[in-house]
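Enquirer: With the input below, show me the fold.
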Amino acid sequence: MSNSIKLAILGLGTVGTGVINLINDNLNELKRRSGRDIIITEVGTRRQRDDIDTNIMQNSDLMAIAASDNVDIVIEVIGGTTLAKDVIMQAIKNGKHVVTANKALLAEHGNEIFAFAEENNVHVAYEAAVAGGIPIIKVMREALAANKIDWLAGIINGTGNFIMTEMRDKGRPFADVLSEAQELGYAEADPTFDVEGIDAAHKLALLASIAFGIPLQFDKVYCEGITDITLQDVNYAEELGYRIKHLGFAVRRDSKNDGDAGVELRVHPTLIPQDALLANVNGVKNAVLVNSHPLGQTLYCGDGAGAGATASAVMADVMDLVRVLGSKDRDDQSNAGHHVPHLAFIPDQLSDTPILRADQMVTGYYLRVHAYDSPGVLADITRILSDAGINIDAILQKPAHKVGQVPVIILTLPVVESQMNLAIEKIEKLETITDKVVRIRLDELA
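Expert: Predicted coordinates:
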């Protein structure tokens with residue numbers, strides 16, 4: 001191999017263009033850190049671009065680029081799970097290392113892609129797939145390699161965090177804030193992946209596999225969005241000393257003392273204490289809180305999206321792969337000895353720890369119950385909760401919104417979800433209850 005490392009960038013949208021700009025801006029720093037000239041030799045684009053250096057070959061045939069002898073590392077930033085998968089598999093087959101920001105592809109097909117990479121003795125790097133510029137993948141795979149990770153909780157979708165921040169700080173309804181998020185480019189024209197939690201679930205599947213050494217299992221992530229969160233609940237939560245955040249949780253449960261043993265993978269709105277580390281991560285910022293032994297809690301926070309943040313993560317992966325290629329040149333040995341396993345654990349050591357069903361999850365709860373303002377209502381509700389083995393932490397009765405009807409707010413201690421399901425079903429059957437019970441999960445993050 002020559003002293004230069006040759007890159008192909010597939011996709012020239014926001015991220016691909018950001019990578020080109022970063023390389024041009026920091027070319028000297030990259031060479032000083034790697035000892036190599038890092039050059040872009042080919043780009044994959046559907047149409048010819050006049051703003052691309054004439055020394056860079058532009059080609060709409062992405063499969064041809066993935067097989068090109070003029071490329072060492074393929075950077076995939078086209079998105080999607082069909083063409084992107086085909087291109088990555090082609091690159092791997094042809095001995096190319098791959099860098100991708102494609103969380104949906106990896107969450108859904110990563111087990112197959114990583115296994116194929118191992119077979120072909122190449123690496124697939126994906127720091128940019130989770131939390132943008134925050135180096136959470138590297139931290140969990142390397143810096144925390146000696147720790148046992150007990151749980152992690154993350155704000156891993158900037159659009160959802162922006163919406164919840166605006167609702168709380170400015171008293172704006174969900175639909176109004178979503179419209180602004182779309183105008184600002186934070187949310188897509190079809191915002192489903194963001195507001196329904198699917199984007200966060202893709203990222204959580206990756207984080208959980210790295211944390212616990214389990215295969216990727218996106219299809220088992222419980223996913224709940226923020227479309228039903230009201231200003232009423234945001235304000236009540238604040239009054240009780242909590243904030244509502246849209247969080248992803250990966251929790252290891254080793255004992256049946258507080259539920260079944262296994263791993264919880266869940267994305268949903270959550271009440272957390274106002275003084276919790278994640279409570280004051282606002283706007284479009286991302287953050288991941290990791291609780292591990294013996295280190296304890298550590299927080300990683302920063303820009304979770306955008307050209308600069310994502311390009312930074314992409315090029316961090318490129319720099320790691322440049323060093324791998326350099327090691328191979330020096331000792332003429334296999335690349336396999338010079339990299340951290342794709343999911344942090346040796347492939348044949350991934351465990352079959354069960355993923356818990358939604359009704360097996362254990363959390364606290366915020367309940368908003370609307371009832372007729374009549375004697376005995378509160379006693380009936382608390383009796384049902386007690387009979388279900390649910391401990392109440394706080395109760396707040398608010399002024400009536402409708403004549404003769406009052407909202408009752410209840411916070412509970414952690415309980416298995418199946419118990420809460422049965423209790424809510426019984427509460428809703430009471431003649432004094434006027435509407436469906438609103439429930440939002442609660443976590444102290446302790």
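
Enquirer: If you drop the residues flanking it in sequence, what lies closest to R36?
Expert: Leaving aside its chain neighbours, R36 sits nearest to I5 (5.0 Å; criterion: CB to CB, 6 or more residues apart in numbering). Backbone N, C-alpha and C define where each C-beta goes, glycine included.

Enquirer: Can you say which helix or strand has A205 in it?
Expert: Assigned by DSSP states H and E, A205 belongs to helix 198-212.

Enquirer: Figure out how far that helix is from the centre of its chain.
Expert: Chain-centre distance of helix 198-212: 6 Å, with CA atoms, centre = their mean, to the nearest Å.

Enquirer: do the same with stretch 158-171
Expert: Put simply, stretch 158-171 sits 18 Å off its chain's centre (CA atoms, centre = their mean).

Enquirer: Identify each buried residue in that stretch, please.
Expert: By neighbour count on 16 or more other CB atoms under 10 Å, the buried set for stretch 158-171 is 158-168.

Enquirer: so for that stretch, what's the average pLDDT?
Expert: For stretch 158-171, the mean pLDDT works out to 96.

Enquirer: Check whether the residue nearest to R36 sits in a helix, strand or coil.
Expert: With DSSP: H, G, I helix; E, B strand; the rest coil as the basis, I5 sits in strand.

Enquirer: any low-confidence regions in the stretch 1-150 of the chain?
Expert: 1-2 (pLDDT under 70).

Enquirer: Just the helices from it, written as ranges.
Expert: Here the stretch 1-150 of the chain has its helices, by DSSP state H, counting those that start in this stretch, at 14-25, 27-34, 62-66, 83-93, 103-119, 136-138.

Enquirer: biggest helix in this structure, by residue count?
Expert: Identified as the longest helix of the chain according to DSSP state H is helix 307-331.

Enquirer: pLDDT on that one, on average?
Expert: For helix 307-331, mean pLDDT is 85.

Enquirer: Does anything pack onto it? Which helices or strands?
Expert: Other helices and strands packing on helix 307-331, by 3 or more CB pairs under 8 Å, 6 or more residues apart in numbering; DSSP states H and E, are strand 4-10, helix 14-25, helix 27-34, strand 73-76, strand 97-100, strand 124-125.

Enquirer: What is the subsequent helix or strand relative to the helix holding A205?
Expert: Counting by DSSP H and E, the next helix or strand C-terminal to helix 198-212 is strand 222-223.

Enquirer: What's the first helix or strand after that next one?
Expert: With elements assigned by DSSP H and E, the helix or strand that comes after strand 222-223 is helix 231-239.

Enquirer: neighbouring contacts of that next one?
Expert: Contacts with helix 231-239, where a contact means CB atoms under 8 Å, 6 or more residues apart in numbering, come from 164, 167-168, 171-173, 243-244, 271, 274, 366, 368, 396, 398, 407, 409, 438, 440.

Enquirer: of those residues, buried ones?
Expert: Buried subset of the contacts of helix 231-239 (neighbour count, 16+ other CB under 10 Å): 164, 167-168, 172, 243-244, 271, 366, 368, 407, 409, 438, 440.

Enquirer: picking up where we left off before, okay, the buried residues of stretch 158-171 in JSON lines with distance to I137 and secondary structure next?
Expert: As requested, these are exported to JSON lines (distance: CB to CB, whole Å; DSSP: H, G, I helix; E, B strand; the rest coil):
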{"residue": "G158", "distance to I137": "17", "secondary structure": "helix"}
{"residue": "T159", "distance to I137": "21", "secondary structure": "helix"}
{"residue": "G160", "distance to I137": "21", "secondary structure": "helix"}
{"residue": "N161", "distance to I137": "20", "secondary structure": "helix"}
{"residue": "F162", "distance to I137": "23", "secondary structure": "helix"}
{"residue": "I163", "distance to I137": "26", "secondary structure": "helix"}
{"residue": "M164", "distance to I137": "25", "secondary structure": "helix"}
{"residue": "T165", "distance to I137": "25", "secondary structure": "helix"}
{"residue": "E166", "distance to I137": "29", "secondary structure": "helix"}
{"residue": "M167", "distance to I137": "30", "secondary structure": "helix"}
{"residue": "R168", "distance to I137": "30", "secondary structure": "helix"}
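
Enquirer: so can I have a markdown table of those showing distance to L22?
Expert: Formatted as a markdown table, these follow (distance: CB to CB, whole Å):
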| residue | distance to L22 |
| --- | --- |
| G158 | 20 |
| T159 | 24 |
| G160 | 27 |
| N161 | 25 |
| F162 | 24 |
| I163 | 29 |
| M164 | 30 |
| T165 | 28 |
| E166 | 30 |
| M167 | 34 |
| R168 | 34 |
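
Enquirer: For A313, state which of those is nearest.
Expert: Nearest to A313, judged by CB to CB, of the buried residues of stretch 158-171 is G158 at 14.1 Å.

Enquirer: residue contacts, that closest one?
Expert: Contacts of G158 (CB under 8 Å, 6+ apart): 132, 186, 283-286, 303-305.

Enquirer: Buried subset of those as a PyMOL selection?
Expert: Command for PyMOL, covering only those of the contacts of G158 found buried under the criterion 16+ other CB under 10 Å:
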select buried, resi 132+186+284+285+286+303+304+305
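
Enquirer: Closest one of the contacts of G158 to H342?
Expert: The closest of the contacts of G158, once distances to H342 are taken by CB to CB, is G132, at 19.9 Å.

Enquirer: Ramachandran coordinates for that closest one?
Expert: Per-residue torsions, G132: phi 50, psi -120 (degrees, to the nearest 10).

Enquirer: For the strand or helix carrying L299, enumerate the helices and strands it packs against.
Expert: Here L299 sits within strand 296-303, counting by DSSP H and E. If you count contacts as 3+ CB pairs under 8 Å, 6+ apart, strand 296-303 packs onto strand 285-293.

Enquirer: Let's see the strand it packs on as PDB, backbone CA atoms only.
Expert: What follows is strand 285-293, C-alpha atoms only, in PDB (Å, rounded to 0.1, in the frame of the first residue of the first chain):
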ATOM      1  CA  LYS A 285     -28.500  18.100  22.200                       C
ATOM      2  CA  ASN A 286     -28.000  14.300  22.700                       C
ATOM      3  CA  ALA A 287     -26.700  12.700  25.900                       C
ATOM      4  CA  VAL A 288     -26.100   9.200  27.100                       C
ATOM      5  CA  LEU A 289     -25.800   8.300  30.800                       C
ATOM      6  CA  VAL A 290     -24.000   5.100  31.500                       C
ATOM      7  CA  ASN A 291     -24.000   3.300  34.900                       C
ATOM      8  CA  SER A 292     -21.200   0.800  35.100                       C
ATOM      9  CA  HIS A 293     -19.100  -1.100  37.800                       C
END
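
Enquirer: which ones are touching D194?
Expert: The contact partners of D194, taken as CB under 8 Å, 6+ apart, are 157, 159-160, 187-188.
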